[in-house]
Each structure stands twice: as C-alpha cells, then as structure tokens.
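*Asks:* coords below, sequence missing:
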C-alpha cells in the first residue's frame with residue numbers, strides 16, 4: 001500500500017492503492033507512518049517526495065472504514081491520520097508533496113503537512129467532510145496558516161473543490177508542474193542549513209515572534225561553532 005524508492009539522497013514515497021484512489025485506511029496509514037519514521041533516522045537523506053500511484057494522489061480517508069467507525073474507534077482513526085502528518089513534519093529534511101488528480105480530505109491534510117506542494121495541471125482539491133456528516137479535523141488546522149482563514153473556511157464549510165490554478169492563487173500550493181526544478185533547488189542547499197531551516201519554519205509558524213527570533217539567533221550561532 002506504500003512504496004518507498006531511493007535515488008541517492010532523495011526518497012520517494014508513493015501511496016499505492018490505485019484501485020481505491022489511494023484512499024487511506026488504517027493499514028495504509030500505519031505503513032506510511034512506519035516508512036516516514038524509518039526515513040527520519042537516515043542521516044544521508046536530503047529530501048523526500050510524497051506522491052501517489054495511479055490516476056490520483058489521494059481520494060481521502062477510506063469510506064468503508066469511515067462508515068464503520070464508532071464512538072470508541074473514531075478518535076483512534078483520526079489520531080492515526082494526525083500521526084502520519086506529524087511524522088511528515090518530524091522528518092528533518094524538506095518534504096515535497098507531488099500532487100495530481102484529486103487531493104481530498106485526509107489526503108489534503110497530509111499534503112498540508114508537507115513543506116512544499118507541487119501540483120499537476122488539472123489537479124482538484126477538496127475538503128468535503130461536512131457533506132459526509134463530519135467536520136474536517138486534525139491537520140486541517142494547517143489550512144488557515146497556508147491560505148488565510150477565509151479561504152480555508154470556504155474549503156471546509158462548502159465542501160466545494162478548487163482547481164490547481166485557484167489553489168496556486170490562494171497559496172495552497174507553491175507551483176504547477178513537476179518537482180524537478182524544486183528538487184534541484186533543494187539539493188543545491190547545504191544539508192545542515194536546510195535541516196535547520198525546516199526546524200525554524202515550524203517554530204515561526206507556531207511560536208510568538210520573540211520566541212522565533214531567539215530560536216533563529218541560537219541556531220545561527222550554532223552553525224558557526
């Protein structure tokens with residue numbers, strides 16, 4: 001359900017349930033979490049590309065599993081989605097989401113947890129959970145940081161899809177095309193500086209300004225020891 005390929009310092013992870021539009025069930029999520037955690041321990045790694053096999057990146061959470069959830073199991077399932085997103089954020093190297101086809105629900109949350117998002121022309125993005133009788137949760141909380149609160153609200157309240165052009169305009173993705181150009185830019189960066197920059201980006205995203213500046217000064221000084 002998850003394939004990992006290595007090209008020197010670059011790892012490529014593919015969701016591989018194309019017959020189910022790469023829908024995320026518990027076994028697929030557990031396999032993806034395990035693969036991400038194993039890569040995190042690889043000191044030779046420079047960049048990770050996350051994509052999907054077949055016609056689409058990810059059709060969201062597996063609907064059959066969603067239908068079977070109970071009050072006792074629902075929390076554990078969405079926590080597993082969060083664990084995968086956290087494992088992406090915990091990777092010490094930049095993670096690029098390579099998106100195509102459809103990026104829906106939990107698939108969009110996983111993409112939002114990546115550092116950069118590159119989409120093929122014609123890719124569609126949606127958070128349709130309210131139409132299924134549930135709210136968008138866990139890493140959907142990253143969407144206002146990426147797009148602004150109004151545009152994030154439009155996605156999660158209407159359930160309507162947007163195309164790649166609007167996603168680029170709204171700041172949900174960084175580029176339309178393929179990942180080769182950005183991969184070249186990332187590999188041109190200094191290994192330790194890139195790892196430190198990823199740490200700082202997350203601090204800047206979550207911490208007050210004074211804390212962010214202090215952390216930046218500390219890490220800048222550390223590189224000069």
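*Replies:* Perfect, I can see it now. In this text the structure is predicted, and so the values were computed from the model without any measurement.

*Asks:* In a strand, residue 71, correct?
*Replies:* No - looking at residue 71 with DSSP: H, G, I helix; E, B strand; the rest coil, it is coil, so not inside a strand.

*Asks:* With residue 42 as the reference, measure out to the nearest residue to residue 197 once chain neighbours are set aside.
*Replies:* Leaving aside its sequence neighbours, residue 197 sits nearest to residue 189 (C-beta to C-beta, 6 or more residues apart in numbering; 7.9 Å). Glycine gets a C-beta too; all of them are placed from N, C-alpha and C. According to C-beta to C-beta, to the nearest Å, residue 189 and residue 42 sit 17 Å apart.

*Asks:* What sits closest to residue 153 if chain neighbours are left out?
*Replies:* Closest to residue 153 by C-beta to C-beta, 6+ apart is residue 144, at 7.9 Å.

*Asks:* scratch that, residue 59 is what I was asking about
*Replies:* Closest to residue 59 by C-beta to C-beta, 6+ apart is residue 21, at 3.2 Å.

*Asks:* Let me see the contact set for that neighbour.
*Replies:* 54, 55, 56, 58, 59, 101, 102 (C-beta atoms under 8 Å, 6 or more residues apart in numbering).

*Asks:* Extract the residue ranges of this protein that are flagged as low pLDDT.
*Replies:* Scanning the chain for pLDDT under 70 picks out no residues.

*Asks:* So which residues of it form helices?
*Replies:* Taking DSSP state H as the test, the helices found in the chain are 26-40, 63-68, 74-90, 106-113, 143-147, 149-158, 164-170, 180-188, 191-206, 209-222.

*Asks:* Mean neighbour count, those: which tops it?
*Replies:* Each of the helices of the chain was scored by mean neighbour count; the highest is helix 106-113, a mean of 27, by mean count of other C-beta atoms under 10 Å.

*Asks:* what's that one packed up against?
*Replies:* Under the contact definition 3 or more C-beta pairs under 8 Å, 6 or more residues apart in numbering; DSSP states H and E, helix 106-113 sits against strand 47-52, helix 74-90, strand 95-99, helix 143-147.

*Asks:* Would you convert these into TSV that also reports distance to residue 211?
*Replies:* Below are the helices and strands packed on helix 106-113 laid out as TSV (distance: least, C-beta to C-beta, whole Å):
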stretch	distance to residue 211
strand 47-52	27
helix 74-90	18
strand 95-99	24
helix 143-147	16
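
*Asks:* Looking at these, which is nearest to residue 127?
*Replies:* Smallest distance to residue 127 across the helices and strands packed on helix 106-113 (C-beta to C-beta): 7.6 Å, for helix 143-147.
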